[in-house]
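Novice: Take a look and give me a structure for this.
(2 chains)
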Amino acid sequence: MGTGFREFLKQLEDAGELLRLPKAVDPRHLSALMAQSPQATFFQQIAGYPDWRAVGAVLSTRRRLALAMGCPEHAIAPRFEEGIRRPIEARLVERAPCQEVVWTGEDADLTRLPLPMMHVKDGGPYISGTLVVSRDPEYGRNVGSYRMMYRTPRETGIDLVSSSDMRVYYQRALDQGRPLPIAVAVGVHPFELLAASYKAPIAVDEFAIAGGLHGTPVELVRCRTVDLEVPAQAELVLEGELLPVGWTADEGPFGEFSHITGEVKWNPIFRVRAITHRRDPIFYVLQMPWENDWLAAPVIEAAGLQALRVASVEPVAIRAPVGSCCYWTLIASIRKRPGEGMNALLALLSVAEVKLAIVTDDDIDIGNPDELDWAMTFRVQADRDVLIVPGGRGKHIDPSVRAGLLGKGGLPTTAKLGIDATIPEGVPRSHYERLRYFAKDAVRLEDYR
Amino acid sequence: MSPLAQSLVAELRERPRHFGELVEAHMEAPWRDFLRAWGEVRAADVLERDDAGRYRIAASPS
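Specialist: Modelled structure (predicted):
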């Protein structure tokens, strides 16, 4: 498995998961076309941007995420866990494809990029698939992913509202009245994006996590105008700084990962100092909400596995379904001993903002909705097997928490629901023996065609 | 300000609009020209937002 974005695109194409569109497309139509394509979409010509191509929706399904991770769909969480357990330090290289072309001064103009218009109510065109690198004198390097809204040829907004390590770095710089230099890489392998999504402890280098996922060091190159490093294989890099203006600039709305339009936020401003890119660059458009959702899946599923193990429950499989944005729901099958259905629910409901947990026995294929419905129909009595926990930590973006009723700075809470769809204690497993067809192995349909 | 930027300001003075509405009204303009014009409007520091996320022109420049 290669470590670059282009190798991943080749993997997608080889698996029949990439659609190439040969005709020139206006950047204002990229997202709308991607939304109609069942595959990842590669735009071979961009109208008005002759040097650029574009691609997006590369992680819009569990299958594509599994392809990126080089594992079966059911093994995404253990594959992720395996990678983060063995971090590999990044390696510095002298020359890099991402610096084949360097624009500085007046040339560092964001309108030279095919910035996509994504959703009807967005506050502007967005750069969505970012890998943002920053450094703090005490904590070291940090890598995260933050949406960036075009403002002017030299400036974007950046969503730094949620708690994150870079928010801490920015606040510390702001307190000293200085800008925070950052570098923004676009068009990197999904492992880098996954590592950026992972809430690693502040002193952990996300590039080492990405190296663990790759099984080989991520190659980095020093930026040209800021003291930071970026993946050498990136398609595009923006270098610059977050201005010491605090959370003062309007940013958003944007189509959020919850599949809903968000609100206008007040955020810092990024000022670009240099733009570097490959000689034949591919602009990556992270198609919301699907790609954002699937990037969350391995992280939340791995957290679920960890919580189950801490609760001494043996997990067999786990899923964060995309209907819950791969974030609010966890479904797990377990090898159950008496009482562990409830223990498993309590463990899963303790993960982040998970508000629905379903637990089944290990004979249920939790990737099959019909199997799950069957288990919930015949293994659940609502007065005994359903758990409701009020007052858990919620998220503003969930309309049902009624965040609008909270005062300024108020934090929402959420009720949590658990459904124990394991075979109830006292009911023999034999009561759940499935139908088997007589002589199933004795005859073959092909022989009667 | 460029004629396109002036036109955007005039449209926003008329009533608040989502960015997408402005884009839709100027699909004939090359995207890069539109973005440059939008940058001019931004730089003029005349924009405000309403609760629905629409842009409008501030009553007096801030």
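Novice: Where do the helices of chain B begin and end?
Specialist: B:3-14, B:19-25, B:31-43 (DSSP state H).
Novice: Next, format those as a markdown table and append mean pLDDT.
Specialist: Rendered in a markdown table, the data for these read as follows (pLDDT from 0 to 100):
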| stretch | mean pLDDT |
| --- | --- |
| helix B:3-14 | 98 |
| helix B:19-25 | 98 |
| helix B:31-43 | 98 |
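Novice: ok, and the closest non-adjacent residue to A:P390?
Specialist: With sequence-adjacent residues excluded and distances taken as CB to CB, 6 or more residues apart in numbering or on different chains, A:P390 is closest to A:A415, at 4.9 Å. Placement of C-beta: from N, CA and C, glycine included.
Novice: who's in contact with that neighbour?
Specialist: When contacts are counted by CB atoms under 8 Å, 6 or more residues apart in numbering or on different chains, A:A415 is found next to A:K355, A:I388, A:V389, A:P390, A:G391, A:G392.
Novice: Neighbours of the second one, how many?
Specialist: For A:I388, the neighbour count with other CB atoms under 10 Å in any protein chain shown is 8.
Novice: Could you give the bridge partners of it?
Specialist: With DSSP bridges applied, A:I388 shows beta-bridge pairing to A:L417.
Novice: Residue ranges of each domain in chain A, please.
Specialist: Under the assignment automatic domain parsing, the domains of chain A span A:74-279, A:311-425.
Novice: Span of the last one from start to end?
Specialist: The separation between the terminal residues of domain A:311-425, taken as CA to CA, to the nearest Å, is 19 Å.
Novice: Identify the residue of chain B closest to chain A, quick one.
Specialist: Closest contact between chain B and chain A, by CB to the nearest CB, is at B:G39 (3.7 Å).
Novice: which stretches of the stretch 151-300 of chain A form helices?
Specialist: With DSSP state H, counting those that start in this stretch applied, the stretch 151-300 of chain A shows helices at A:165-175, A:190-197, A:206-214, A:290-310, listed in chain order.
Novice: Just want the angle from the third one to helix A:190-197.
Specialist: Using axes from the mean of the first three to the mean of the last three CA atoms, to 10 degrees, the direction of helix A:206-214 lies 130 degrees away from that of helix A:190-197.
Novice: quick revisit: ok so the residue nearest to A:P390 is a strand residue?
Specialist: Yes - following the definition DSSP: H, G, I helix; E, B strand; the rest coil, A:A415 is counted among the residues of a strand.
Novice: Show me the shaky parts of chain A.
Specialist: Flagging of chain A using pLDDT under 70 yields the residue ranges A:1-2.
Novice: for chain B, what are the nearby residues on it?
Specialist: Chain A comes close to chain B at residues A:26-28, A:47-49, A:110-112, A:114-115, A:117, A:119-125, A:150-153, A:155, A:250, A:252-253, A:261, A:263-264, as judged by CB under 8 Å from any CB of the partner chain.
Novice: Among the residues you listed, name the buried ones.
Specialist: A:26-28, A:47, A:49, A:110-112, A:114-115, A:117, A:119, A:121-125, A:150-153, A:155, A:250, A:252-253, A:261, A:263-264 (16 or more other CB atoms under 10 Å in any protein chain shown).
Novice: Which of the contacts of A:A415 are buried? Put it as a PyMOL command.
Specialist: Remark: buried members of the contacts of A:A415, expressed as a PyMOL selection using 16+ other CB under 10 Å:
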select buried, chain A and resi 355+389
